[in-house]
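**Student:** Following is a predicted model, sequence given first.
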Amino acid sequence: MPLRHSATPRPPLLSIVLHQPEIPNNTGNIGRTCVALGSALHLIHPLGFEVSEKACRRAGLDYWPRLAVTHHESWGGYAGATPGVRRWLFTARATASVFDVEFAPGDHLVFGKESTGLPANLLGDPGVGTPVALPMLAGERSLNVATVVCVAMYEAVRQFLARGVVRATPTGGGIELGPI
């Protein structure tokens, strides 16, 4: 059974899924973006770092208690806990661009570990999700996972703003999530 800390009483705007993340700074940055956008974070073990309360305090992650984070012991545990969700699998090897898909509230955006990305068995199974990529110059290997997560989340927010799913605040510098 997944461990859950939910700081958000409403459904998350998006769910970010990190499959076996290795670098704590990337996960911390991604967690901060999730908090800023009312989104959830799923961490699929094993992790390459510690996320105990002491480790988070030591790392200065003062926002971590406000993050809706769920830990899963394996991909199977995550998949079993989230049946029926729509998943977008981020990989530099996809042919579809993140700018050509239509995100919906509640979508799960799935990212692989920093050293190897998502496993081939997940990418090769159409029942798992749809592979997508950020466009980049031919021959470039990849981008930092925290950067890709941020771009993908804000592309989803851009789409949601255009469709009226979320609203810009009167000052234009923020968003109001409202009922989803």
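**Tutor:** Perfect, thanks for sending it.

**Student:** all contacts plus neighbour counts: C-alpha atoms, from now on.
**Tutor:** Noted.

**Student:** centre of the chain versus the longest helix anywhere in the chain, how much separation?
**Tutor:** Ranked by residue count and defined by DSSP state H, the top helix of the chain is helix 145-163. Between the centre of helix 145-163 and the centre of its chain there are 10 Å (CA atoms, centre = their mean, to the nearest Å).

**Student:** so what's residue 95 up against?
**Tutor:** 131, 132, 133 (CA atoms under 8 Å, 6 or more residues apart in numbering).

**Student:** Sticking with the second one, tell me its helix or strand.
**Tutor:** Taking DSSP states H and E as the definition, residue 132 sits inside strand 130-132.

**Student:** Please name the spatially closest residue to residue 148 (chain neighbours excluded).
**Tutor:** residue 134 (7.3 Å; CA to CA, 6 or more residues apart in numbering).

**Student:** okay, now that neighbour: neighbour count?
**Tutor:** 19 (other CA atoms under 10 Å).

**Student:** residues contacting it?
**Tutor:** 92, 97, 98, 99, 148.

**Student:** From residue 138, how far off is residue 159?
**Tutor:** Separation of residue 159 from residue 138 (CA to CA, to the nearest Å): 27 Å.

**Student:** who has more neighbours, those two?
**Tutor:** residue 159 (18 against 6).

**Student:** Quick one, grab the pLDDT at residue 57.
**Tutor:** Residue 57 carries a pLDDT value of 58.

**Student:** Next: residue 63.
**Tutor:** 73.

**Student:** Can you give me every residue that contacts it?
**Tutor:** Counting by CA under 8 Å, 6+ apart, residue 63 has contacts 32, 35.

**Student:** again with residue 175
**Tutor:** Residue 175 sits in contact with 166, 167, 168, 169, where contact means CA under 8 Å, 6+ apart.

**Student:** For it, name its beta-bridge partners.
**Tutor:** residue 168 (DSSP bridges).

**Student:** does the closest residue in space to residue 130 that isn't next to it in sequence count as helix, strand or coil?
**Tutor:** Distances taken as CA to CA, 6+ apart put residue 88 closest to residue 130, at 5.0 Å, once the chain neighbours are dropped. Look at residue 88: counting by DSSP: H, G, I helix; E, B strand; the rest coil, its state is strand.
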